[in-house]
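1. Pasting the sequence and the predicted model now:
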Amino acid sequence: GNYDFIYAGVAPQKYEKLYLKCLLEDITGLSEYIEAGKAMLAVEQSFLFLGTSLEKDGKKQSLVGALPLEIKEMKEYTIGNILLDTTLQQGEGIKLQSKINGFFNSKYTFAGDGNSQHFGNVLLGQGYLWERGFEGIVYKNFIGTQLRGPLLPRNYDVCDYLIETMVGQKLPNISSNLEQ
């Protein structure tokens, strides 16, 4: 697609089947978009459904296949706030080094092929995230995370990073009391 940025948001659990059906029917060219290094942020189920397969209730089903991720349903949900330590680098001067504050509510985990980096290392969290030690992936200019809700409003520096990635240059510094 001829887009500068794609955001894929949360689908309520009761609509997961419908959401996945629509993704499978209507998405074309997403793998090529990601491979071309275009900017994309996918959160919660949208991120997970871009994987290759989902193991749920002992059965495996195909997903979109835009990312080499295998998704597995856990027995229990992990719910709560999470704090990540994140360092990302894209091109000259475009960098995100921050503590990412988000909310996590999921019963899925994932395994990748090793060609991506983690979105962040878990500093504070619970459940299997704390045990695993990391959350999300970054591949080229794609960020996938199971964090939901106020990810962007809570973390203005992630917004800046995404904008800088889209325009290909560092944003000018703006003096603001809000960012201090």
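-> All right, it came through fine.
2. if I've got this straight, Phe119 is in a helix?
-> No - under DSSP: H, G, I helix; E, B strand; the rest coil, Phe119 sits outside any helix and is assigned strand.
3. And it, how close does it get to Arg132?
-> Per CB to CB, to the nearest Å, Phe119 is found 12 Å from Arg132. Placement of C-beta: from N, CA and C, glycine included.
4. secondary structure class for the residue positioned nearest the centre of the chain?
-> With distances taken as CA atoms, centre = their mean, the residue of the chain nearest its centroid is Gly144 (1.7 Å). Here Gly144 is recorded as strand under three-state DSSP.
5. Begin at 572 from now on, thanks
-> Okay, using 572 as the starting number, the last item reads as Gly715.
6. can I have the strand ranked longest in the chain written out in CSV, keeping just the CAs?
-> Secondary structure of the chain per DSSP state E: the longest strand is strand 641-661. The C-alpha atoms that make up strand 641-661 are tabulated as CSV, following Å, rounded to 0.1, in the frame of the first residue of the first chain:
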residue,chain,number,x,y,z
GLU,A,641,3.7,-18.6,16.5
ILE,A,642,1.0,-17.7,19.0
LYS,A,643,-0.2,-19.9,21.9
GLU,A,644,-3.1,-19.4,24.2
MET,A,645,-2.2,-19.6,27.9
LYS,A,646,-4.4,-21.1,30.6
GLU,A,647,-4.8,-17.8,32.5
TYR,A,648,-4.8,-14.1,31.6
THR,A,649,-2.1,-11.8,32.6
ILE,A,650,-3.6,-8.4,33.5
GLY,A,651,-2.0,-5.3,34.8
ASN,A,652,0.3,-2.3,34.3
ILE,A,653,3.8,-3.0,32.9
LEU,A,654,6.9,-0.9,32.6
LEU,A,655,9.4,-1.6,29.8
ASP,A,656,12.9,-0.4,29.2
THR,A,657,13.2,0.2,25.5
THR,A,658,16.0,1.2,23.2
LEU,A,659,15.4,1.4,19.4
GLN,A,660,17.6,2.9,16.7
GLN,A,661,16.6,3.8,13.1
